[in-house]
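Participant: Structure for this input, please:
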Amino acid sequence: MKDELATKHCKPCEGGVDPLQPQQVEELMRGLHDDWSVSADGLSIARRFEFPAYSRTLGFTNAVAWIAITEGHHPDITFSYGYCAVSFTTHAIGGLSDNDFICAAKVDRLARETLDG
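Facilitator: A predicted model of the protein is given here:
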């Protein structure tokens, strides 16, 4: 499922649909790297990425921003020397949607290419 999520594209979400149910979130979490976590309130998912240098952190952060722009789904991103933290939620529905997991899977693929390759 990890590769399957990363090949999908986000669909515009302007509200009018329900957030994912906890069992749906649990199932989709299986398609992400184990470092992703669901917030205590179940409204967002987040992962922290660590890097040996600021330049690599900044490059990764910019690549995550590019994913967000191309998918039209924008995470909260925090970065500093050595780390980038990414959090997804779908503000229009006040919770999680498929879009959050699609983008998280794309960020996972980027991390594999950046950190391992």
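Participant: now the helices for the protein?
Facilitator: For the chain, the helices defined by DSSP state H occupy 2-7, 22-29, 54-71, 98-111.
Participant: how far is the last one from where the chain is centred?
Facilitator: I take that to be helix 98-111. 5 Å (C-alpha atoms, centre = their mean, to the nearest Å).
Participant: neighbouring contacts of it?
Facilitator: For helix 98-111, the surrounding residues in contact (C-beta atoms under 8 Å, 6 or more residues apart in numbering) are 2-3, 5-6, 8-11, 13, 20, 28-29, 31-33, 36, 44-45, 47, 49, 60, 63-64, 67-68, 71, 73, 75, 86, 88-90. Backbone N, C-alpha and C define where each C-beta goes, glycine included.
Participant: low-confidence ranges in the chain?
Facilitator: For the chain, the stretches with pLDDT under 70 are 1-2, 116-117.
Participant: Can you pull up the most central residue in it?
Facilitator: The residue lying closest to the centre of the chain (C-alpha atoms, centre = their mean) is Ala104, at 2.6 Å.
Participant: nearest residue to that residue other than its sequence neighbours?
Facilitator: Sequence neighbours aside, Leu32 is the residue nearest to Ala104 in space, at 5.3 Å (criterion: C-beta to C-beta, 6 or more residues apart in numbering).
Participant: I'd guessed the one you found sits against Val38; true?
Facilitator: No: judged on C-beta atoms under 8 Å, Leu32 makes no contact with Val38 at a distance of 10.2 Å.
Participant: What residues of stretch 17-37 count as buried?
Facilitator: By neighbour count with 16 or more other C-beta atoms under 10 Å, stretch 17-37 contains the buried residues Pro19, Leu20, Val25, Leu28, Met29, Gly31, Leu32, His33, Trp36.
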